[in-house]
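Student: Output the structure for:
(4 chains)
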Protein chains: 2
Amino acid sequence: MVTTDLPPNSNDGEMIGSAVASVRSFNRTVTERIGALEQEYLARGRPLGASRLLWEVGEGEDVRVLRARLGLDSGYLSRLVRQLEAEGLVEVGPSPADRRVRHVSPTPKGRAERTLLDRRSDDLAESILEPLTPTHRTRLVDAMAEVERLLTASAVDLRPVDPGSADATRCLRAYFAELIERSATGLDVDSALPNPDELRGAGDAFVVAYLQGSAVGCCALKQYDGGWAELKRMWVTPRVRGLGLGRRLLAHMESLARQAGVGRLRLDTNEHLVEALAMYRSAGYVDIPRYTDEVFATHWFEKHL
Amino acid sequence: MVTTDLPPNSNDGEMIGSAVASVRSFNRTVTERIGALEQEYLARGRPLGASRLLWEVGEGEDVRVLRARLGLDSGYLSRLVRQLEAEGLVEVGPSPADRRVRHVSPTPKGRAERTLLDRRSDDLAESILEPLTPTHRTRLVDAMAEVERLLTASAVDLRPVDPGSADATRCLRAYFAELIERSATGLDVDSALPNPDELRGAGDAFVVAYLQGSAVGCCALKQYDGGWAELKRMWVTPRVRGLGLGRRLLAHMESLARQAGVGRLRLDTNEHLVEALAMYRSAGYVDIPRYTDEVFATHWFEKHL
DNA sequence: ACCATTCGCTGATGTTAGTCAGAGGTATCA
DNA sequence: TGATACCTCTGACTAACATCAGCGAATGGT
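Tutor: Below is the predicted model of the structure:
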């Protein structure tokens, strides 16, 4: 796991001690309990790994995709697939598009087994909820959702990438699509996409936030002569908003800028991106007069590092 | 896992569908993420199981205790211990009290390794908290504590036992100790303990709530001629209060009574047990005149089943 | 037509995690 | 002093979860 983050700008100290103890206790209790229940409900006389694989096959999937998703060795996965094949649960054949690639698809029996696994998974969840009173059930479900979201947020990884890379482009398209929609300017996303060379100067950076391999956010840093730099294209996918990722990206870009000897950071943004406006202000950015003629810009900010 | 619970008296239906989906999603995310981190931080070139064992040894422990706590086969545990011994981390000798029992104690090197594991465990927890902003850290820790408590509550198992068994006696002692303390009557716990035969009549029951093998609560059902029965000695250990266990015990006893053809359930309680009073009332019990001359009783309740 | 690359399978090998039956030492009690 | 129960260890075995090198088939670029 590559983490380019610098130590966070937090007031650690005592509070973190008891927090760490809570997290440890949680890890212990929860993994033990859930692990035991999974064995009980999902093993079904077959290795748990094989059940999981059958689940991932779904309505048919290429072997390479399964390998990436389950993070398994190619040899090992091959054997697991053959085990499912021997049980008559899946069929394997070449992928139509590329005959090197193997495609796994479920047989009717496999589909039935998958449905059953699904049902067992539900039973497992119910066995957790069932002993609780309705009030406590709601509280548990809410707390689980919160833990899951925040654990997800903590798994996000910030990495510098080339501004013309596929991941960068994906982020930028989503960024402009949202901007155009919110500002109702009716522009075209493709024509709005900037030239990647714009961000390939010395000291420039394009950072993408990854969650389990897929891009969920980005931010660019562009340096100018005179000891200042600009933040551009900050975007976070709606699915992971409200988890502090924007703030984390911002802090990360600031530390990159600081490392590069930048003294002042500027940025522009659009009045329709209300969350962004609030975040910049609370992070110490102050309004300054227009300094660009960017189409979408309505507000300009600056912060001394 | 023995569960004698009947289906709970809840309004299941739609709400439980989405709850089940949340629980499943939580299980997936959390076990994957925490599991991966544990491998990364705690394996230390040795099987994870051995690390866990070293942790449980602490400042010295009998093998039988370790076996019970880790739930391992005696042969398997024996081998794990010898592995730690070969690494010079523990020493094994006969227990002074009973020379059949083997006692495992850490060497200085073992103590050092244990400290290191402790540190790595902290690192793991910090690696989860570190990427988050302080606000989100607090939220995560709180939600984790909530999940842990409620998951624990859901793991509680209700089992009928003999009213004279060790577990029953442990519960009753705790029950009377608390009663005496709260009502400040200065009585002696030992002299207050009732004769177990009192609860060994036909249709009587003594139910103990178990959490991971240890008793955390109890309740007795005593039948009388004339189609009615009495609930007695309901107690829940302070550590797991506020998790709905009392309510669950109550529902469980009611269904036992219903199965036995009981039409009216009575109970007495003490005004100092304020949580109990509230619970009985909200569960549909109504105040009735004194019907016993129990020393501690100040309130009498009845419910038609 | 050739070459480098990609994809997956196979065989060899290893570790972790466990189960089971029985041996042998130790304790308890009649 | 037996008989019986208890506690741990040993040896034999199995399942699950991998890792790695190399092979052959398919593909894409030149």
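Student: For chain A, name the helix or strand with the lowest mean pLDDT.
Tutor: The weakest-scoring helix or strand in chain A, judged by mean pLDDT, DSSP states H and E, is helix A:189-192 (a mean of 76).
Student: which is the next helix or strand following that one?
Tutor: strand A:205-211 (DSSP states H and E).
Student: Quick check: what element follows that next one along the chain?
Tutor: Following strand A:205-211 in sequence, per DSSP H and E, is strand A:214-224.
Student: Say whether chain B is contacted by that following strand.
Tutor: No. Against chain B, strand A:214-224 shows no contacts by CB under 8 Å from any CB of the partner chain, the least distance being 13.0 Å. The C-beta positions use only the backbone N, C-alpha and C, and glycine is treated the same way.
Student: Walk me through which strands the helix or strand just after that strand pairs with, and which way each runs.
Tutor: Next in sequence after strand A:214-224, counting helices and strands by DSSP H and E, comes strand A:228-236. As defined by DSSP bridges, the strand partners of strand A:228-236 come to strand A:214-224 (antiparallel), strand A:264-269 (parallel).
Student: Give me the residues contacting strand A:228-236.
Tutor: Residues outside strand A:228-236 that contact it (CB atoms under 8 Å, 6 or more residues apart in numbering or on different chains): A:171-172, A:174-175, A:178, A:199, A:203, A:209, A:216-224, A:245-246, A:249-250, A:253, A:257, A:260, A:262-267, A:276.
Student: pLDDT score for the closest residue to residue A:77 other than its chain neighbours?
Tutor: Nearest in space to residue A:77, with sequence neighbours left out and distances taken as CB to CB, 6 or more residues apart in numbering or on different chains, is residue A:67 at 5.1 Å. Residue A:67 is assigned 91 on the pLDDT scale.
Student: Reformat the strands paired with strand A:228-236 as JSON lines; add mean pLDDT and mean neighbour count.
Tutor: Below are the strands paired with strand A:228-236 laid out as JSON lines (pLDDT from 0 to 100; neighbours: other CB atoms under 10 Å in any protein chain shown):
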{"stretch": "strand A:214-224", "mean pLDDT": "92", "mean neighbour count": "21"}
{"stretch": "strand A:264-269", "mean pLDDT": "94", "mean neighbour count": "21"}
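Student: Which of those sits closest to DNA strand C?
Tutor: Closest to DNA strand C of the strands paired with strand A:228-236 is strand A:214-224 (CB to the nearest atom of the strand; 17.9 Å).
Student: returning to that earlier point: mind listing residues that contact the one helix or strand the residue nearest to residue A:77 maps to?
Tutor: Per DSSP H and E: residue A:67 is located in helix A:63-70. Under the criterion CB under 8 Å, 6+ apart, residues A:52-53, A:56-57, A:72, A:74, A:77-78, A:81, A:92, A:101-104, A:213 lie in contact with helix A:63-70.
Student: Most widely separated two among those?
Tutor: Farthest apart among the contacts of helix A:63-70 by CB to CB are A:92 and A:213. That separation is 24.6 Å.
Student: Between these two, which is the more surrounded one?
Tutor: residue A:92 (14 against 10; other CB atoms under 10 Å in any protein chain shown).
Student: give me the low-pLDDT residue ranges for chain A?
Tutor: Within chain A, the stretches with pLDDT under 70 are A:1-16.
Student: got the residues of the stretch 201-305 of chain A near DNA strand D?
Tutor: On the criterion CB under 7 Å from any atom of the strand, DNA strand D has no neighbours in the stretch 201-305 of chain A.
Student: Give me the subset of the contacts of helix A:63-70 that lies in strands.
Tutor: A:92, A:102-104 (DSSP state E).
Student: So which of the residues you listed wins on neighbours?
Tutor: Neighbour max across these (other CB under 10 Å) = residue A:104, 26 neighbours.
Student: distance of that one from DNA strand C?
Tutor: 8 Å (CB to the nearest atom of the strand, to the nearest Å).
Student: does that residue really touch residue A:59, like I thought?
Tutor: No. Residue A:104 is beyond contact range of residue A:59, at 10.5 Å (criterion: CB atoms under 8 Å).
Student: residue closest to the middle of chain A?
Tutor: Nearest to the geometric centre of chain A sits residue A:211, at 2.6 Å (CA atoms, centre = their mean).
Student: With adjacent residues omitted, what lies nearest to that one?
Tutor: Excluding the flanking residues, the one nearest residue A:211 by CB to CB, 6+ apart is residue A:156, at 5.1 Å.
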